[in-house]
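Engineer: A predicted structure for the sequence below; I have some questions about it.
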Amino acid sequence: MTGRAVVDVCVVGGGIVGLALGRELALRGRSVLVLESRRVGERSAANVAAGMLAPASEVDLSDSRLTEFALAAHAMYPEWCAALARESGLDAGFDPTGTLIVALHHDHLALLERLNEFQRERGLTAERLSAASARELEPCLAPGVIGALRTDDTQVDPRRAMRALVAAIAAAGGVLEDGAEVSALVRDGDTYALTVRHRESEATVHASQVVLAGGAWSARVALPAGLPSLPMRPVKGQVVRVRGERLIGHVVRTPDVYLVPRADGELVIGATMEEMGFDARSTAGMVEHLLREAQRVLPGIAELELTECGVGFRPALRDHLPAIGSLDGAGLFVATGHFRNGVELAPITAQLLADVMCEGRTDPLIAPFTPARFATVASA
Ligand code: GLY
């Protein structure tokens, strides 16, 4: 793109939420431009994420409105992946095998008991398993496992999902530009004017609607005067990838670590939660911690090849809930703040925000996540 472009919608951010939204809007016949400041995936949290779709395993961390949203997201995932495969010709690696949350000692058992209580309160099902039953399902689990919960939490491969989304956007007539940094955003009559810097040029994009979907970087775009800035911070997560013989079929978690197996022999081990700003270093201490905790539950990983140490930045708003909706009561929207749930919530965020943008219809599921909640706080 050079000079001046006019589109219906400009999505600022080419992570999994921005891509899912770009696809959804293009499928609904909008002219869509998705702008990503780096290469797609280069700094996206989803590119590092393990891809657990885990409303039941992570329920004790979440607001009940987020649980409802996550359950609806979970229900639509298989069909969403199937549609994505039809459009793109690419498989997103959805795997419905399920999740085992295992205990290695009595403190873990107490945590599992508490988690199971939360799950029952929220109407989620989880099956209690003895150590023997857990090992029947996953024979490579450590002898030290003393009990487990089995949930229907599934997984997807976020890297494959993003590749499929890129292809699906193109197939639907949308345009994705990488290396395109938005340096200014102003209201210009009925449209928004975005100044977009490329490596060697600058261009202006006029869009009737704009969506800020830049993950942990979403609050960096300077907004038109009078709008609240989002209280966004990055929460660093370190993740390790190993590869070799496939040791487990289920996602396996303890309260200290999770292990997510892929069909191709990759095993993703995560993740730390660190308040370190945008510190992108993999650190020896945290990598050692993840590998140690992972080996305690699955000793066989010692023989696997260490292939990658990665760092992602979860986009966290002050209340740890997403912000989905209009920022200015008109055509400027946000879809960000998905914190630990971006991969899971991307498809439903795209679908329900597209309903708002194309039909003016706000589903009750996203009503609690209005960005207006920060405007109220700012003016109070
Ligand atoms: N949802 C997994 C994580 O944020 O580490």
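Structural biologist: Looks like it came in fine. Numbers count the residues shown, from 1 in each chain.
Engineer: and what about residue 295, helix, strand or coil?
Structural biologist: helix (DSSP: H, G, I helix; E, B strand; the rest coil).
Engineer: what ranges do the strands span in the stretch 201-350 of the chain?
Structural biologist: 202-212, 232-243, 251-253, 258-261, 266-270, 305-317, 323-326, 332-336 (DSSP state E, counting those that start in this stretch).
Engineer: from residue 7, how far off is residue 171?
Structural biologist: Applying CB to CB, to the nearest Å, one obtains 18 Å for the distance of residue 171 from residue 7. For glycine as for every other residue, the C-beta is placed from the backbone atoms N, C-alpha and C.
Engineer: swap in residue 46?
Structural biologist: Distance, residue 46 to residue 7, using CB to CB: 24 Å.
Engineer: likewise residue 154?
Structural biologist: For residue 154, the distance to residue 7 (CB to CB) stands at 35 Å.
Engineer: going by proximity to the ligand, name the top residue of the stretch 101-250 of the chain.
Structural biologist: Nearest to the ligand in the stretch 101-250 of the chain, going by CB to the nearest ligand atom, is residue 237, at a distance of 5.1 Å.
Engineer: from what I see, that residue and residue 270 are in contact.
Structural biologist: Yes. The pair residue 237 / residue 270 is scored as a contact, 6.4 Å apart, by CB atoms under 8 Å.
Engineer: so what sits against both of those two?
Structural biologist: Contact criterion CB atoms under 8 Å, 6 or more residues apart in numbering; residues shared by residue 237 and residue 270: residue 49.
Engineer: list the buried residues for stretch 87-103?
Structural biologist: 87-88, 90-95, 97-103 (16 or more other CB atoms under 10 Å).
Engineer: and which of those residues is nearest the ligand?
Structural biologist: Set against the ligand, the nearest of these by CB to the nearest ligand atom is residue 99 (11.9 Å).
Engineer: for that closest one, give its distance to residue 268.
Structural biologist: Applying CB to CB to residue 99 and residue 268 gives a distance of 13 Å.
Engineer: ok, residue 131 - how many residues close by?
Structural biologist: If you count neighbours by other CB atoms under 10 Å, residue 131 ends up with 17.
Engineer: actually, residue 308.
Structural biologist: A count of neighbours around residue 308, defined by other CB under 10 Å, yields 13.
Engineer: skip the chain neighbours and tell me the closest residue to it.
Structural biologist: Counting by CB to CB, 6 or more residues apart in numbering, residue 308 lies nearest to residue 241, which is 4.0 Å off, once chain neighbours are set aside.
Engineer: from residue 269, how far out is the one you found?
Structural biologist: The gap separating residue 241 from residue 269 is 7 Å, by CB to CB.
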